[in-house]
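Peer 1: the amino acid sequence is not available; the structure is as follows:
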């Protein structure tokens, strides 16, 4: 089973129509499964991108 590393949480707000009706909206985090050093982890897409860039620079 993959280990969840990311501590990011969903973002809540209002979705507004043209009539300015407010309905609750939830923006979920883009979580992805990756294998890092032979271990499966669940991290956000932004964190995966940062790790990939850091690995490319080293």
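Peer 2: Received it, and whenever you're ready, just let me know what you need. Everything numeric in this text was worked out from a predicted model, so none of it was measured.

Peer 1: separation between the residue located most distally from the centre of the chain and residue 36?
Peer 2: No residue in the chain sits farther from the centre than residue 19, which is 31.0 Å out by CA atoms, centre = their mean. Taking CB to CB, to the nearest Å as the measure, residue 19 falls 47 Å from residue 36. The C-beta positions use only the backbone N, C-alpha and C, and glycine is treated the same way.

Peer 1: residue ranges for the strands of this structure, please.
Peer 2: Secondary structure of the chain by DSSP state E: the strands cover 3-4, 11-16, 22-27, 31-36, 39-44.

Peer 1: quick check: buried residues in the last one?
Peer 2: For strand 39-44, a neighbour-count test (16 or more other CB atoms under 10 Å) marks 41, 43-44 as buried.

Peer 1: those into a markdown table, with extra columns for pLDDT and distance to residue 11?
Peer 2: Listed next are those as a markdown table, based on pLDDT from 0 to 100; distance: CB to CB, whole Å:
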| residue | pLDDT | distance to residue 11 |
| --- | --- | --- |
| 41 | 94 | 22 |
| 43 | 95 | 17 |
| 44 | 95 | 12 |
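
Peer 1: other SSEs contacting the helix-or-strand element of the chain with minimal mean pLDDT?
Peer 2: Here the helix or strand of the chain ranked lowest by mean pLDDT, DSSP states H and E is strand 3-4, holding a mean of 86. For strand 3-4, the packing partners by 3 or more CB pairs under 8 Å, 6 or more residues apart in numbering; DSSP states H and E come out as strand 39-44.

Peer 1: first to last residue in stretch 26-35, what's the distance?
Peer 2: Length of stretch 26-35, first residue to last, CA to CA, to the nearest Å: 28 Å.

Peer 1: pLDDT on that stretch, on average?
Peer 2: The average pLDDT for stretch 26-35 rounds to 95.

Peer 1: buried stuff in that stretch?
Peer 2: Residues of stretch 26-35 classed as buried under the neighbour-count rule (16+ other CB under 10 Å) are 29, 31-32, 34.
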